[in-house]
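*Asks:* model this:
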Amino acid sequence: MKENNQQSVIGRIKYLIKLSGKSQAEFARMLSIDPSNLSKHLSGKLAVSDALINRIVVDMGVSKQWLKDGEDLPFSKNAGVALPVVDMLQEHGRRADGIPVYDIDVTAGCTPLEAQLTADRITGYVSLPRLSPDTLIVRVSGDSMTPDIIDGGMIALRPVVNTDTIFWGQIYVVVTDDFRLVKYVRRHPTNHDKVILHSANPNYDDMEVNRDDIRAMFRVEAIINCKICG
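*Replies:* Have a look, this model is predicted:
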């Protein structure tokens with residue numbers, strides 16, 4: 001990326017920080033990146049990488065064409081898939097003393113997750129380092145992701161605003177009309193219109209899912225496996 005274009009991209013990132021109402025450090029933590037690294041990017045000491053651009057595009061639903069080249073509008077009119085969850089977290093889920101833990105099995109049923117994320121389902125709050133306050137914690141049942149996620153383990157989620165951009169090989173909660181699944185999401189080897197849902201447990205076969213059938217996605221930011229003794 002040319003130097004003059006780098007400065008333009010930096011300017012647009014600073015605009016997004018101002019638009020978010022957060023400090024630069026809070027904005028970095030919202031993207032799950034080190035605040036000092038973001039500072040180096042914005043000061044020009046580090047080049048703005050495609051990885052950083054893709055992270056902002058995915059997490060904020062920003063137009064990549066706008067962020068990278070200054071063309072198009074900052075936000076697509078169709079980039080609001082997960083906004084109800086974001087709005088809900090801003091209303092009652094975010095607290096200074098930690099991330100909300102919901103008494104919800106994320107894999108149970110196929111109803112929209114935001115319909116279950118009500119204040120009365122919050123059982124407590126935990127503070128985990130380097131996690132954005134926009135995350136939420138839910139329970140996972142079943143053994144399809146064992147040993148990575150044990151039956152009854154907890155995961156910290158963040159809603160994905162733009163499901164067109166996927167970090168391949170990462171774990172997501174994938175929501176369709178028929179199911180909610182916690183899986184590794186892999187690129188389909190031959191068909192761009194499909195994705196592969198992969199289980200950590202080798203006893204489970206891979207699943208092919210049409211990208212158009214995906215109603216919402218949540219990226220798994222942390223896994224909390226715990227065994228109650230006694």
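*Asks:* what residue ranges in this structure are flagged as low confidence?
*Replies:* 1-4, 21, 75-97, 110-111, 133, 228-230 (pLDDT under 70).
*Asks:* Could I get the full set of strands for it?
*Replies:* Remark: strands assigned in the chain by DSSP state E are 99-105, 122-126, 136-139, 154-159, 171-175, 180-187, 194-198, 207-210, 216-224.
*Asks:* Show residues contacting the last one.
*Replies:* Going back to what we said before, that points to strand 216-224. Strand 216-224 is contacted from outside by 32, 58, 81-82, 85, 112-113, 128, 131-132, 135, 137, 148-149, 153-160, 163, 166-167, 170-175, 182, 185, using Cβ atoms under 8 Å, 6 or more residues apart in numbering. The way it works is simple: take the backbone N, C-alpha and C, and place the C-beta from them, glycine included.
*Asks:* quick revisit: can the strands of the chain go into TSV with extra columns for mean neighbour count and distance to residue 69?
*Replies:* Output for these, formatted as TSV (neighbours: other Cβ atoms under 10 Å; distance: least, Cβ to Cβ, whole Å):
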stretch	mean neighbour count	distance to residue 69
strand 99-105	19	35
strand 122-126	14	40
strand 136-139	23	34
strand 154-159	23	26
strand 171-175	23	28
strand 180-187	20	25
strand 194-198	19	27
strand 207-210	14	30
strand 216-224	20	25
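*Asks:* Distance to residue 23 for these - can I get that in CSV?
*Replies:* Shown next, in CSV, are the strands of the chain (distance: least, Cβ to Cβ, whole Å):
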stretch, distance to residue 23
strand 99-105, 19
strand 122-126, 21
strand 136-139, 22
strand 154-159, 19
strand 171-175, 28
strand 180-187, 32
strand 194-198, 35
strand 207-210, 38
strand 216-224, 20
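*Asks:* which other residues reach the longest helix that the chain contains?
*Replies:* Longest among the helix segments of the chain by residue count, using DSSP state H, is helix 3-20. Contacts with helix 3-20, where a contact means Cβ under 8 Å, 6+ apart, come from 1, 23-24, 27, 30, 41-42, 44, 47-48, 53, 56, 60, 62, 66-70, 74.
*Asks:* Let me see the domain layout of this protein.
*Replies:* 3-69, 83-224 (automatic domain parsing).
*Asks:* roughly how far out does the shortest one sit from the chain middle?
*Replies:* Pointing back at domain 3-69 there. Its chain's C-alpha centre and that of domain 3-69 lie 16 Å apart, by Cα atoms, centre = their mean, to the nearest Å.
*Asks:* Same check on the last one?
*Replies:* For domain 83-224, the distance between its averaged C-alpha position and the chain's averaged C-alpha position is 8 Å (Cα atoms, centre = their mean).
*Asks:* hang on, isn't residue 132 packed against residue 33?
*Replies:* No - contact between residue 132 and residue 33 fails when scored by Cβ atoms under 8 Å: they sit 10.1 Å apart.
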